[in-house]
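In: Give the three-dimensional model of this entry:
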Amino acid sequence: MTQRQIDHDTPLPPCRQGHAPRHIHDLRRQSAGGGHLVECRCCSTAKHATFEDALLEWKRINRIRTPRPPARPVATVLQLPLRLQGAGKTLL
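Out: Numbers count the residues shown, from 1 in each chain. This next block holds a predicted model:
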């Protein structure tokens with residue numbers, strides 16, 4: 001069989017109608033119609049070379065937004081050199 005279903009640790013996001021999707025990998029080479037696709041009972045993506053591309057299309061088709069991480073604030077911490085002195089000698 002040239003196709004197999006791949007299970008993921010984290011579940012894939014459901015479609016707009018709430019169906020659970022599945023990740024299918026067609027093991028044929030890309031030029032022969034192989035690749036990765038995501039499908040459910042009501043819709044399916046085209047075959048892609050990578051799973052990430054198929055998942056991006058799945059999210060676009062079903063209008064699933066991925067929240068962007070907040071911008072990291074610029075660090076404004078100023079570090080001054082610390083010198084430990086003991087008995088008249090500099091230890092560092």
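In: could you measure the most centrally placed residue in the chain against Val77, distance?
Out: The centroid of the chain falls nearest to Glu52 when counting by CA atoms, centre = their mean (6.9 Å). Taking CB to CB, to the nearest Å as the measure, Glu52 falls 36 Å from Val77. C-beta coordinates here come from the backbone N, C-alpha and C atoms, glycine included.
In: what ranges do the helices span in the protein?
Out: 51-61 (DSSP state H).
In: Any stretches of it with poor pLDDT?
Out: The model of the chain has pLDDT under 70 over residues 1, 75, 86-92.
In: who touches His25 in this structure?
Out: Each residue near His25 by CB atoms under 8 Å, 6 or more residues apart in numbering is listed here: Gln3, Arg4, Gln5, Ile6, Gly35, His36, Phe51.
In: quick one: which of those residues is nearest to Ile64?
Out: When the contacts of His25 are compared for distance to Ile64 (CB to CB), Phe51 wins out at 15.6 Å.
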